[in-house]
Every structure is written in C-alpha cells, then in structure tokens.
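S.K.: A structural model of the following input is requested.
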Amino acid sequence: MRFAVLVFPGSNCDIDCYKAVEQTVGEPVDYVWHTATDLSAYDAILVPGGFSYGDYLRCGAISRFAPVMSEVAKAAEQGKFILGICNGFQILTEAGLLPGALRRNESMKFRCHDSVLKVVNNETPFTRHYSEGQEIVIPIAHGEGNYYCDEETLQQLRDRNQIVFTYSDNPNGSVADIAGICNERGNVLGMMPHPERAVSSLLGSEDGKAMFTSIIQTWRDTHGAASVR
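M.R.: Okay, here's the model as predicted:
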C-alpha cells in the first residue's frame, strides 16, 4: 500500500503525517507537491495541517484550486482513502469533497491542547480498530476549527452516519460537537484534531495510531493481504 502526503506552501504537519505512516504501519510513503497532476500510484492520500497559502481569504480557499486537488477528487471517486487533518479538513470542505465549513473558534483564540473525542462511527476505513463510543485523546491546534453546517445538512450527516468523531469538551463551538465527518461513501474523512500527533506515548497519547492501522487493514482485506495488529 502506498501513501501520499500532500504538501502545499505553508503546510507544517506534512512531516508529522509522513513519520506517523512510516513508524506506525511501515508502508511506502511519499511527499507530493501541490502541483502534481497524477496520484494514480497511491492508495491513500493524506491532506495535512498547517497554514496553506497563509490561510489568506479563508483557510483552504486557495489550496482548493491547486492542480493536485483535481487528482484528489478523482481518487475519492475511485474509492481511495482520503484523510484531511486540520487545514486538510478545511481544504476538503472548500473543495466540496465534504459538506459544511470551518469558521473561527467561538473563543476567537487559537486552541492548542489535548482534546477528548468520542468515536461515533467505527465502521469507516479509518476507525475500524476503535470501538463505538470509545473515548480517545487527540491533540488539537487550530484557530478556525468551528465546524458549521445548516440544519438540513446536519440531519443528513446524522441519518447517513457521517459523523465520525465528536468532542467531549467542544473547544471551538462546533455544531453538534462535531470533530470529524466522512463522505457518504465513507472513504473521505476530515477532522480537526491531529491523530498523527498521537501515535506514541512519548507524544502523550497513542490513540491516533489506530487510524493508520485501520486504513491499512481495510486495504489489506480488500487485497487479500495479511492482517495488521
């Protein structure tokens, strides 16, 4: 299985994502620049956090037009796994790959600390190694993590089981405590907290590790390969 970690001008969590894949599942992983026009070699695409293009206009609003995003959309249609983290989540919403938008935190302050999440949906390719209702500790680091959608969209998210993670402490004012959502098919996930920063006890939590093992387990099941522990 091959992973791509996208890199935009201003990305600053690309190395974290690369190392999380390398150290957690040991699969091939490459950095892929935002000008790339071919992602066909990759099975999973990570859209990392940071401040792409300086967060000018809106977070993710410029990155949405990067050449590589056409390939991300194509990969999503093909059923490949797309994980957008923090700024990556913002980019996925701007690109229309996920519904809703990310606004300024309710406190109007940048929040950077551990956050307790509840696993609402453990039936996605990203969460199968968690238990439904499990509480996990994953750090956040954002100023625009306040997830918003209208009532109709929120009801659709609930009806289609697209709410994947919720906050126990809601640090940013997100509607319905939402910390992460997926598309209807389940192969595109966006979340504000950083699982790549929670893959070792040295980092304070290993609770993000299961996201990466879940991805590769799903891929191996599909391709008849050995299981992951």
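S.K.: surely Leu154 touches Asp177?
M.R.: No. Contact status for Leu154 versus Asp177: not in contact, 11.4 Å apart, counting by Cβ atoms under 8 Å. To be clear about C-beta, it is placed using only N, CA and C from the backbone, and glycine gets the same treatment.
S.K.: now do the helices in the chain.
M.R.: 14-24, 67-77, 87-94, 151-159, 209-223 (DSSP state H).
S.K.: right, and the ones you listed - which one's nearest Thr37?
M.R.: helix 67-77 (5.3 Å; Cβ to Cβ).
S.K.: which parts of the closest one are buried?
M.R.: Val68, Met69, Glu71, Val72, Ala73, Ala75, Ala76 (16 or more other Cβ atoms under 10 Å).
S.K.: got the contact list for the closest residue to Thr153 other than its chain neighbours?
M.R.: Spatially, and ignoring its direct neighbours in sequence, Thr153 is nearest to Pro99 (5.1 Å; Cβ to Cβ, 6 or more residues apart in numbering). When the contact criterion is Cβ atoms under 8 Å, 6 or more residues apart in numbering, the partners of Pro99 are Thr93, Cys149, Thr153, Gln156, Leu157, Ile181.
S.K.: okay, the fifth one: pLDDT?
M.R.: Here the pLDDT value assigned to Leu157 is 98.
S.K.: and what of the third one?
M.R.: Reading off the confidence values, Thr153 has pLDDT 98.
S.K.: may I see the ChimeraX selection of the buried members of the contacts of Pro99?
M.R.: A single ChimeraX command suffices to select whichever of those are buried according to 16+ other Cβ under 10 Å:
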select :93,149,157,181
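S.K.: show me where pLDDT drops low in the chain?
M.R.: Scanning the chain for pLDDT under 70 picks out 225-229.
S.K.: switch to 80 and redo it
M.R.: By pLDDT under 80, the low-scoring segments of the chain are 224-229.
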